[in-house]
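Participant: My questions are about this predicted structure, shown below with the sequence.
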Amino acid sequence: MNIALIAHDKKKDLMISFVTAYENILKPHVLFATGTTGKRIMEATSLNVHRFESGPLGGDQQIGAEIAENRMDMVIFLRDPMTSQPHEPDIQALIRLCDVHMIPVATNIATGELLIRGLERGDMEWRKHRRTQTLNK
Ligand SMILES: O=C(CO)COP(=O)(O)O
């Protein structure tokens, strides 16, 4: 599965705890992240992460484009609901595209845990079939 990991600054330590705890589950998958989140994950774990731009510089939009192209299977986005972000429209657009294309998206750690457990259990296998289909047909 292609999995996007994103965390706002005040949630980055939480993301590191999360990926450390679930490193073995995440390892066989292809991981993507916004710039700083990806850097932090690679510094803290043995996971390899494809890094996009930092969120405020367009990283959320790049991940959104992957979703629109039917290339992203899951998004774990630990958002900070208490701090306003300069790129709030990009964040909303990313979450909207998850809804448009029915991509599982967690915006907090509690849902993130459920998605990871589901991933481990094989609940995401339907995405393999969906990914082979062309959208809008
Ligand atoms: O701002 C972000 C998501 O909206 C995250 O970007 P960074 O991972 O580059 O900090």
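Facilitator: Cool, got the structure.

Participant: So what does the closest residue to the ligand within the chain look like in phi/psi?
Facilitator: As assessed by Cβ to the nearest ligand atom, the ligand sits closest to Gly55 within the chain, at 2.1 Å. For glycine as for every other residue, the C-beta is placed from the backbone atoms N, C-alpha and C. Here is the backbone geometry of Gly55 (degrees, to the nearest 10): phi -50, psi -50.

Participant: for it, what are its contacts?
Facilitator: Ile6, His8, Thr34, Gly35, Thr36, Thr37, Gln85, His87, Asp90, Ile91 (Cβ atoms under 8 Å, 6 or more residues apart in numbering).

Participant: try 10 Å
Facilitator: 6-9, 33-37, 61-63, 77, 85-87, 90-91, 94 (Cβ atoms under 10 Å, 6 or more residues apart in numbering).

Participant: Against the ligand, which of those residues make the cut? List them.
Facilitator: Filtering the contacts of Gly55 for neighbours of the ligand using Cβ under 6 Å from any ligand atom leaves Ile6, His8, Thr34, Gly35, Thr36, Thr37, Ile91.

Participant: Correct me if wrong: the second one contacts Met15.
Facilitator: What that stands for is His8. Yes - contact criterion Cβ atoms under 10 Å: His8 and Met15 qualify, at 9.2 Å.

Participant: re the thing from before, going by distance to Pro81, which of the ones next to the ligand among the contacts of Gly55 wins?
Facilitator: Here the nearest of the ones next to the ligand among the contacts of Gly55 to Pro81, counting by Cβ to Cβ, is His8; it sits at 9.0 Å.

Participant: Can you tell me the closest non-neighbouring residue to the closest one?
Facilitator: Asp80 (3.8 Å; Cβ to Cβ, 6 or more residues apart in numbering).
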